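>>> sequence below, structure please.
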Amino acid sequence: MATRKPQSGTKSAVRTKTRKTKKKQPRRGPVMRFKFGHLILIWILSLIACFGKYVYDRNMHPEKDVFVKSASTAEESSSKSQSSSKASAESSVSEPVESQAPADESAAPDTSSAEPVEGEESGNEPIVPEGPKKTNPVPESEVHDGDYLKKCAFLGETNVYLLGKNGWLAPLNVYASENLRLTNYTREYIMLNGTTIRILSAINAASCPIYLMFGTESLFTQPTDQTAEQFKILMKSVMAQAPEAPVYVMAIPPVTYIAENSETPLLNSTIDDYNSRLLELCNEENIYFIDTNTAMKNNDGKLDPTLAEEDGVHLNADGGRKLLEYVLNHVPPAE
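Got it, this is the predicted structure:
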């Protein structure tokens, strides 16, 4: 039986046809695979970026925060609910005041305005208020009741901050912090009605009486003449920001024997020299000066330890009460 030989020509034709057929098949594009995890990651990163931008804007430009209710609006709404009863000077500061806004709407500073550019407050030209020559230190006056304090703004360092913390002043009347200094007030923020804001922005266009008490903290590290010059710059800045507001300068209080003999002493002689410079400044600028230093001294010319915190420098609750009693008994006449 004869064996059939394979036809090589036929197989070659089949291979060629198959090869040609494969070449005719269209090429497939890249495969797109969707992963839900990628979408979640993008969403999380976007959320983090938005939150980071908000935190940055909140700290760098707090006055532009649309989520913060302005202090003036809060003061206006709060003032409608405050009590109209009055008490004597002694009774008005015998108990801590409750948190409430100034009774007079005009006492509410406009916090919506942006802060002036740093450096503008140096004021080459003196700002001398118009009117008759003022008598300094302010003499004893008719005793005012505690409602007067609710119409004022108190700007200062730790001692003023403690007046609010201890309850002698309503929070909306205190423009101070434990970190505020004559050297950093253009940068340091204060807390006012739940809002962080700088003091010059907080008092913008205010018409209420403004009390200033600065210098205690600075005298630990610098001489009296430098500190007084820094206070002068601050005072003129306040007068420029609130030209309609009467500005009163308070002498810084004395310190105890402990403070004078600590590792970082602050002497009462240094404080007296500084207060004398403030008195001269107030006479030059025709600004009222209130001698809250002499009123706080004991027979030894120092702060009584019963009126001071443990450091002997800052006023405790009793010291704050005594200081405000003096203020209420030495209110300058209305202009």
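
>>> all helices of the stretch 101-250 of the chain, in order?
Secondary structure of the stretch 101-250 of the chain (DSSP state H, counting those that start in this stretch): helices at 158-165, 199-202, 224-241.

>>> what would those look like in JSON lines with mean neighbour count, distance to residue 149 and mean pLDDT?
Yep, even glycine has a C-beta here, placed from its N, CA and C like the rest. Listed next are the helices of the stretch 101-250 of the chain as JSON lines, based on neighbours: other C-beta atoms under 10 Å; distance: least, C-beta to C-beta, whole Å; pLDDT from 0 to 100:
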{"stretch": "helix 158-165", "mean neighbour count": "23", "distance to residue 149": "9", "mean pLDDT": "95"}
{"stretch": "helix 199-202", "mean neighbour count": "24", "distance to residue 149": "17", "mean pLDDT": "92"}
{"stretch": "helix 224-241", "mean neighbour count": "19", "distance to residue 149": "18", "mean pLDDT": "96"}
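
>>> between the ones you listed, which one is closest to residue 140.
Taking C-beta to C-beta, helix 158-165 is the member of the helices of the stretch 101-250 of the chain nearest to residue 140, at 21.3 Å.

>>> and the contacts of that closest one?
154, 169-171, 173-178, 180, 213, 216-217, 252-253, 314-316, 320, 323-324 (C-beta atoms under 8 Å, 6 or more residues apart in numbering).

>>> so, low pLDDT: which residues of the stretch 1-150 of the chain?
Flagging of the stretch 1-150 of the chain using pLDDT under 70 yields the residue ranges 1-36, 54-130.

>>> dump the helices of the stretch 101-250 of the chain to a markdown table, plus distance to residue 282.
Below are the helices of the stretch 101-250 of the chain laid out as a markdown table (distance: least, C-beta to C-beta, whole Å):
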| stretch | distance to residue 282 |
| --- | --- |
| helix 158-165 | 18 |
| helix 199-202 | 20 |
| helix 224-241 | 9 |
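
>>> nearest to residue 270, out of those?
Of the helices of the stretch 101-250 of the chain, nearest to residue 270 by C-beta to C-beta is helix 224-241, at 6.2 Å.

>>> which strands or helices does that closest one pack on?
On a contact count with 3 or more C-beta pairs under 8 Å, 6 or more residues apart in numbering; DSSP states H and E, helix 224-241 meets helix 199-202, strand 210-213, strand 247-250, helix 268-285.

>>> repeat the analysis, applying 6 Å as the threshold.
helix 268-285 (3 or more C-beta pairs under 6 Å, 6 or more residues apart in numbering; DSSP states H and E).

>>> identify the residues contacting the following helix or strand past the helix it packs on?
Per DSSP states H and E, helix 268-285 leads on to strand 288-290 as the next helix or strand towards the C-terminus. Applying C-beta atoms under 6 Å, 6 or more residues apart in numbering, the contact partners of strand 288-290 are 134, 136-138, 248-250, 279, 282, 330, 332.

>>> what is the burial count for the closest residue in space to residue 251 that isn't next to it in sequence?
Closest residue in space to residue 251, ignoring its immediate chain neighbours: residue 293 at 3.9 Å, by C-beta to C-beta, 6 or more residues apart in numbering. A count of nearby residues for residue 293, using other C-beta atoms under 10 Å, gives 22.

>>> quick check: residue 293 touching residue 275?
Yes - with contacts defined as C-beta atoms under 6 Å, residue 293 counts as touching residue 275 at a distance of 5.3 Å.

>>> joint contacts of the two?
With C-beta under 6 Å, 6+ apart as the test, residue 293 and residue 275 both reach residue 251.

>>> from residue 298, how far out is residue 281?
27 Å (C-beta to C-beta, to the nearest Å).

>>> the more surrounded of those two?
residue 281 (17 against 13).

>>> nearest residue to that one in space, please, no chain neighbours.
Closest to residue 281 by C-beta to C-beta, 6+ apart is residue 232, at 5.6 Å.

>>> pretty sure residue 322 belongs to a helix, no?
Yes - read with DSSP: H, G, I helix; E, B strand; the rest coil, residue 322 is one of the residues of a helix.

>>> that one: neighbour count?
If we define neighbours as other C-beta under 10 Å, then residue 322 has 19 of them.

>>> pLDDT wise, what is residue 205 at?
Listed pLDDT for residue 205 reads 87.

>>> ok, it to residue 240 distance?
Residue 205 is 11 Å from residue 240, where distance means C-beta to C-beta.

>>> any common contacting residues for those two?
Counting by C-beta under 6 Å, 6+ apart, nothing touches both residue 205 and residue 240.

>>> other residues contacting stretch 212-227?
Applying C-beta under 6 Å, 6+ apart, the external contacts of stretch 212-227 come out as 155-157, 160, 181-182, 231, 249-250, 252, 264, 266, 270, 273-274.

>>> run a quick neighbour tally on residue 217.
For residue 217, using other C-beta under 10 Å, the count is 22.

>>> ok, and the closest non-adjacent residue to residue 274?
Residue 274 sits nearest to residue 224 (C-beta to C-beta, 6+ apart), 4.4 Å away.

>>> now the one you found: how far from residue 314?
Residue 224 is 19 Å from residue 314, by C-beta to C-beta.

>>> ditto for residue 306
The value you get for residue 306 to residue 314, if C-beta to C-beta is used, is 14 Å.

>>> who's more crowded, the two?
For residue 306 versus residue 314, neighbours defined as other C-beta under 10 Å are more numerous around residue 314 (22 against 11).
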